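# this is the structure alone, sequence omitted:
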């Protein structure tokens, strides 16, 4: 008896390209879930004190 076929990628590339291989959608705000807590804490303070635009408009 002949050995059975183990693997083939035949036609898979064609099937994938029929509807086009698309890039994953990029969201405006990526999730911070699972990120480094120390980095996130600093990010929070940095956002809190990022008032450059409002200060300039208040002076004028």
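That came in fine, so what should we check first? Since the model is a prediction, treat every value here as computed from it, not as a measurement.
# and the pLDDT at residue 32?
What the model reports for residue 32 is a pLDDT of 95.
# what about the nearest residue to it once chain neighbours are set aside, how many residues nearby?
Spatial nearest neighbour of residue 32, chain neighbours left out: residue 40 (5.7 Å); criterion: CB to CB, 6 or more residues apart in numbering. (Glycine included, C-beta is placed from N, CA and C.) Neighbour count for residue 40, taken as other CB atoms under 10 Å: 11.
# name the element residue 40 belongs to?
Assigned by DSSP states H and E, residue 40 belongs to helix 37-48.
# ok, and what's touching that helix?
residue 32 (CB atoms under 8 Å, 6 or more residues apart in numbering).
# what residue ranges in this structure score low on pLDDT?
Along the chain, the parts satisfying pLDDT under 70 run over 54-60.
# follow-up on the earlier one: how far does the helix holding residue 40 sit from the chain's center?
The chain centroid and the centroid of helix 37-48 are separated by 20 Å, computed with CA atoms, centre = their mean, to the nearest Å.
# now the residue nearest to residue 32: how far from residue 46?
Counting by CB to CB, to the nearest Å, the separation of residue 40 from residue 46 is 10 Å.
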